[in-house]
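K.L.:
A structural model of the following input is requested.
(one chain, ligands or ions: 2)
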Amino acid sequence: MKKRALITGVTGQDGSYLAEFLLEKDYEVYGLRRRTSTPNYENVARIKDRIKWISGDLTDLASLIEAVRLSDPDEVYNLAAQSYVAASWPQPLLTGQITAVAVTNMLEAVRIMKPGCRFYQASSSEMFGKVQETPQCETTPFYPRSPYGVAKVYGHWITVNYRESFNMFACSGILFNHESPRRGIEFVTRKVTDAVSRIKLGLQNELRMGNIDSLRDWGFAGDYVKAMWLMLQQDYADDYVISTGEMHSVRELLEVAFSYVGLDYRDYVVIDQEFVRPAEVDLLLGDCSKAKQKLGWELEVGFNELIQMMVDQDLLRVESELRAVEHLKLPI
Ligand code: NDP
Ligand code: GDR
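P.N.:
Ligands and ions are numbered 1, 2, ... in the order given. All right, here's what the predicted structure looks like:
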């Protein structure tokens, strides 16, 4: 019998990598997708036909109950969220509904329909916010600095609470920033690698940025989804920090990305208050020794390699967009 997994947020960065990983492991993969006027399958294009699609929204409990009934899953990965920190100030209530309260919807759907199923909650290093110690590990107190961070703290504790109240196999992965060529274009790594490609190809001549002194622990999304799966293969449900244990500033990110194509970021970057946040998380650095020890998890892609991979992919994409535009200009 094939194992069955239900993934929420499957069209996002992590969902797409996780779906590929589970399909390789011969899982039947069910993907929850919210209805939109123009569906976007870009991240899952290569595996779209191998995913069993279920329509639903994290804020609609009835649709989640139906999703669990239809998929009858062995494992549920709850990755859906309003995940962009900067958007959580202008949309704090929406962020609270999707990123916080809707975690209870998903847990309730599982508790009602399939309480024996294993559950993964996508928690975040943003919960550490104004960090109380460095590096941050599973026991570091939370001090969130954005409506998004506050929402994730709720999602984290409700997952722990369902584990303790109903004896559910519910795990919370406290993942530090992880990136890839599939990262949403607004997030800082992708914003930079996309801009570097456009500047290199003569389509853009400046890059407007917020606080370039903040420090992050950036890893590769493809490595991080393996940790999600490993958490659900253990004998006991638990919570784990997943990180690289290395910290780099946004400024270093700019240096690596621009110098990779032979440019100096100082010639192009303009600081713009529009991208400075009302409250900042100055630094994040994870200690993932528990995951290494108990899950045997290891990362494969380092910081420079990650950023260069993203620049390479953006260059290819922007070049092919350019070719398409040139093609359209040809006389017919
Ligand atoms: P993305 O923003 O790329 O993906 C979010 C996904 O959630 C999308 O598929 C989106 O669908 C879906 N979604 C949003 N709202 C709803 C809703 N109301 N109902 C159903 N689906 C919805 O996020 P990532 O892949 O980067 O992150 C995955 C999870 O991990 C998120 O919960 C994020 O907060 C968390 N996280 C991410 C980290 C990172 O560095 N990437 C670090 C730590 C935690 P649509 O395509 O329609 O927009
Ligand atoms: P983050 O990621 O907030 O850490 O949340 P993001 O890439 O948006 O920001 C990282 C840091 O870069 C600084 N920054 C800018 N950020 C953006 N987006 N745009 C800019 O122009 C810019 N200039 C400077 C930010 O201020 C910040 O310090 C990500 C998300 O994936 C969350 O869902 C996840 O939970 C956390 O990582 C861990």
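K.L.:
Give the residue spans of the stretch 201-332 of the chain that score low on pLDDT.
P.N.:
Applying pLDDT under 70 to the stretch 201-332 of the chain flags residues 330-332.
K.L.:
residues in it within reach of ligand 2, list them.
P.N.:
Contacts of the stretch 201-332 of the chain with ligand 2, taken as CB under 6 Å from any ligand atom, map to 209-212, 214, 216, 250, 275, 277, 280-281. Any C-beta I mention is one placed from the backbone N, CA and C, and that applies to glycine too.
K.L.:
how about the strands in the stretch 101-250 of the chain?
P.N.:
Counting by DSSP state E, counting those that start in this stretch, the stretch 101-250 of the chain has strands at residues 118-124, 170-175, 178-179, 207-209, 215-216, 219-220, 239-242, 248-249.
K.L.:
how about the ones you listed in a markdown table, adding distance to L230?
P.N.:
A markdown table is the format used below for these (distance: least, CB to CB, whole Å):
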| stretch | distance to L230 |
| --- | --- |
| strand 118-124 | 10 |
| strand 170-175 | 9 |
| strand 178-179 | 15 |
| strand 207-209 | 35 |
| strand 215-216 | 23 |
| strand 219-220 | 15 |
| strand 239-242 | 9 |
| strand 248-249 | 25 |
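K.L.:
near ligand 1, which residues of this protein?
P.N.:
Going by CB under 6 Å from any ligand atom, the residues of the chain near ligand 1 are 8-9, 11-15, 34, 36, 40, 57-59, 79-83, 98, 122, 124, 175, 177-178, 184.
K.L.:
Who are the contact partners of V68?
P.N.:
V68 sits next to 6, 76, 109-110, 112-114, 117 when contact means CB atoms under 8 Å, 6 or more residues apart in numbering.
K.L.:
Just flag the most distant two among those.
P.N.:
L6 and I112 (14.2 Å; CB to CB).
K.L.:
Which one's more surrounded, the two?
P.N.:
Each of L6 and I112 has its neighbours counted (other CB atoms under 10 Å); L6 has more, 31 against 13.
K.L.:
by contact count, what packs against the helix or strand harbouring the more buried one?
P.N.:
Here L6, judged by DSSP states H and E, is contained in strand 4-8. If contacts are counted by 3 or more CB pairs under 8 Å, 6 or more residues apart in numbering; DSSP states H and E, strand 4-8 sits against helix 13-24, strand 28-33, helix 61-71, strand 75-78.
K.L.:
Give me the residues contacting the helix or strand just after the last one.
P.N.:
Pointing back at strand 75-78 there. Heading C-terminal from strand 75-78, the first helix or strand you meet, by DSSP H and E, is helix 92-95. Here helix 92-95 makes contact (CB under 8 Å, 6+ apart) with 82, 87-88, 147-148, 151.
K.L.:
Now the buried members of those residues.
P.N.:
82, 87-88, 147-148, 151 (16 or more other CB atoms under 10 Å).
K.L.:
Taking these, tell me the two that lie furthest apart.
P.N.:
A87 and A151 (11.7 Å).
K.L.:
In contact with the residue lying closest to G296 once chain neighbours are set aside: list those residues for me.
P.N.:
Nearest residue to G296 in three dimensions, chain neighbours excluded: L230, at 7.3 Å (CB to CB, 6 or more residues apart in numbering). When contacts are counted by CB under 8 Å, 6+ apart, L230 touches 291, 295-297.
K.L.:
L79 touches T11, doesn't it?
P.N.:
No. L79 is beyond contact range of T11, at 9.9 Å (criterion: CB atoms under 8 Å).
K.L.:
ok, so what distance separates the residue nearest to G296 from ligand 2?
P.N.:
19 Å (CB to the nearest ligand atom, to the nearest Å).
K.L.:
Helices along the stretch 151-300 of the chain, start to end?
P.N.:
For the stretch 151-300 of the chain, applying DSSP state H, counting those that start in this stretch gives helices covering 188-200, 221-231, 250-260, 289-290.
K.L.:
Adding distance to H327 as columns, could you present those helices in CSV?
P.N.:
Output for the helices of the stretch 151-300 of the chain, formatted as CSV (distance: least, CB to CB, whole Å):
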stretch, distance to H327
helix 188-200, 19
helix 221-231, 32
helix 250-260, 28
helix 289-290, 53
